[in-house]
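**Student:** give me coordinates for this.
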Amino acid sequence: MKDKIWDVAIIGSGPAGLTAGIYAVRGAASTVILGGEIWGGQLMLTSLVDNFPGFSDGIMGPSLMENMKKQALRFGAEFIPKNVTEVDFNKTPFKLTTSDSDFFAKTVIIATGAETKWLGVPREKELIGRGISSCAPCDAPFFKEKDVLVVGGGDSAMEEALVLTKFASKVTIIHRRSEFKASKAMQEKVFTNKKISVIWNTEILEVIGSTKFEGLKVKNITSNEVSEIKADGMFVAIGHTPSSEIFKGKLELDEKGYIKVHSGTKTNIPGVFVSGDVHDFTYKQAVTAAGFGCMAAMDVLNYLDGNK
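**Tutor:** Residues are numbered from 1 along each chain as shown. Below is the predicted model:
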């Protein structure tokens with residue numbers, strides 16, 4: 001395949017990338033998906049997904065991604081489990097470099113997603129999906145009538161807490177400072193909600209729990225007092241980092257590293273398109289990522305038709 005020029009190369013294999021692959025190859029475009037050594041995106045770290053349309057009883061996140069991958073392959077997409085380490089958008093065909101090969105394509109869809117910023121404390125990683133989450137719209141229903149914690153102080157943390165109040169019996173926001181950085185409007189909604197309380201000036205030291213989340217060991221940064229907080233779940237809302245490092249200096253990015261969109265799914269480079277959380281800092285849902293993947297593939301097919 002090293003000498004082949006693909007109609008479209010897709011970087012990434014979450015809902016955006018795989019949906020783009022399905023639409024591109026069904027549009028009669030030769031398609032290679034450079035899915036990464038760790039493929040499937042954030043849904044590979046989730047348990048039951050209850051809000052993706054078409055699965056009335058829910059579906060496990062890894063199973064949903066496996067189904068999407070099989071669907072793309074069934075229609076003829078080529079899947080390469082390699083990380084793209086470098087891109088050259090200076091001329092066409094575009095060149096994408098992995099650890100052992102170069103791939104050339106007339107068009108590129110970037111669907112590298114974004115990574116949740118986790119706390120990095122002991123036992124956190126092991127219990128993601130076992131009481132620890134980063135998406136209240138995805139997982140809040142699992143915590144009906146439960147006590148849950150939200151970590152963060154920005155708008156996303158406020159949004160997580162407000163969503164959780166529709167299900168949880170009690171929501172506690174833990175923040176390491178003495179005031180939130182969220183907008184005043186969001187703070188007002190939080191402070192007036194009787195289900196929400198706040199623990200200020202508190203640093204998280206460790207997650208408690210062996211097979212599931214049971215609570216936190218914390219330290220008050222003013223008094224240095226160490227204590228434990230018991231709860232049924234924790235939502236980490238300290239931000240996301242778009243996976244756009246290799247595109248710095250190659251594409252227009254905003255100040256946070258998200259790829260800028262110029263009409264539809266177009267980037268500032270003709271023939272290079274973008275879909276999913278690497279540009280979407282608003283919705284950040286699997287279904288919207290899939291929708292953006294569809295849009296990007298349709299934009300690619302139109303571009304290819306116009307440049308025959």
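**Student:** for the rest of this, base every contact and every neighbour count on C-alpha atoms.
**Tutor:** Will do.
**Student:** what comes into contact with stretch 74-92?
**Tutor:** 11, 21-22, 25-26, 30-39, 73, 94-99, 105-106, 246-247, 250, 269 (Cα atoms under 8 Å, 6 or more residues apart in numbering).
**Student:** which among those end up buried?
**Tutor:** Neighbour counting with 16 or more other Cα atoms under 10 Å marks 11, 21-22, 25-26, 30-36, 39, 73, 94-98, 105-106, 247 as buried within the contacts of stretch 74-92.
**Student:** got the contact list for residue 11?
**Tutor:** The contact partners of residue 11, taken as Cα under 8 Å, 6+ apart, are 17, 33-36, 84, 108-112.
**Student:** measure it to residue 29 for me?
**Tutor:** 16 Å (Cα to Cα, to the nearest Å).
**Student:** which stretches in the stretch 151-300 of the chain count as helices?
**Tutor:** Applying DSSP state H, counting those that start in this stretch to the stretch 151-300 of the chain gives helices spanning 155-164, 184-191, 286-306.
**Student:** in the last one, what's buried?
**Tutor:** Going back to what we said before, that points to helix 286-306. By neighbour count on 16+ other Cα under 10 Å, the buried set for helix 286-306 is 286-301, 303-304.
**Student:** ditto for the shortest one
**Tutor:** Counting neighbours by 16+ other Cα under 10 Å, one finds that the buried residues in helix 184-191 are 186-187, 190.
**Student:** show residues contacting the lowest-mean-pLDDT helix or strand in the chain.
**Tutor:** Within the chain, no helix or strand scores below strand 48-49, which has a mean of 81 by mean pLDDT, DSSP states H and E. Contacts to strand 48-49, defined as Cα under 8 Å, 6+ apart, come from residues 58-61, 138-139.
**Student:** so of those residues, which ones are in helices?
**Tutor:** Applying DSSP state H to the contacts of strand 48-49, the entries found in helices are 61, 138-139.
**Student:** can you add distance to residue 225 and give these back as JSON lines?
**Tutor:** Converted to JSON lines, these look like this (distance: Cα to Cα, whole Å):
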{"residue": "61", "distance to residue 225": "39"}
{"residue": "138", "distance to residue 225": "34"}
{"residue": "139", "distance to residue 225": "32"}
